[in-house]
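Asks: I'll drop the sequence and a predicted model, then ask my questions.
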Amino acid sequence: MFLKGQHVEQSTLIGMGWLGVATESGIKEWVNFYDALYAKATPQMQQQIDKVVADYKRKFGMKAQFVTCRYSTAVGTNKVAVKCTKEDKISTVYPLDLHEAQLNLD
């Protein structure tokens, strides 16, 4: 949504932040998409993306949300099944960044 500006103000930084969190799942398509976009960014933009992704993973990532995923394949097929579980723990609720001015780039 943020990368394309669908129903929100377009923001490459916020979009890449969320895509960076999604890469934690290890889903190949998401990782490849993130890597391709990241490679096209300038070194200065990459530094900003790195800061946003680190902040978002700390707040919203799998570890912060107590989520673990397991991958398995069925015998005789290449299909990969992903099963994720969330522990019954309380996680911190953070406000969402809707505009780049709200990002922590320090």
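Replies: Good, I have the coordinates.
Asks: scan the chain for its longest helix.
Replies: The helix spanning the most residues in the chain, taking DSSP state H as the definition, is helix 43-60.
Asks: may I see the buried residues of that helix?
Replies: Residues of helix 43-60 classed as buried: Gln48, Ile49, Lys51, Val52, Val53, Asp55, Tyr56, Lys57, Lys59, Phe60 (neighbour count, 16 or more other CB atoms under 10 Å). For glycine as for every other residue, the C-beta is placed from the backbone atoms N, C-alpha and C.
Asks: surely Thr23 and Val31 touch.
Replies: Yes - contact criterion CB atoms under 8 Å: Thr23 and Val31 qualify, at 4.8 Å.
Asks: neighbour count: those two, which is higher?
Replies: Taking Thr23 and Val31 together and counting by other CB atoms under 10 Å, Thr23 has the greater number of neighbours (19 against 16).
Asks: ok, that one - contacts?
Replies: Neighbour list for Thr23: Trp30, Val31, Tyr34 [criterion: CB atoms under 8 Å, 6 or more residues apart in numbering].
Asks: would you confirm that it belongs to a strand?
Replies: No - under DSSP: H, G, I helix; E, B strand; the rest coil, Thr23 sits outside any strand and is assigned helix.
Asks: any idea of the pLDDT on it?
Replies: As predicted, Thr23 sits at a pLDDT of 93.
Asks: center of the chain - which residue?
Replies: Centrality entry for the chain: nearest residue to the mean C-alpha point is Val21, 1.9 Å, by CA atoms, centre = their mean.
Asks: which strands or helices does the worst-scoring helix or strand of the chain on mean pLDDT pack on?
Replies: The helix or strand with the lowest mean pLDDT-type score in the chain, counting by mean pLDDT, DSSP states H and E, is strand 80-86 (a mean of 80). Using 3 or more CB pairs under 8 Å, 6 or more residues apart in numbering; DSSP states H and E as the contact criterion, the neighbours of strand 80-86 among helices and strands are strand 67-73.
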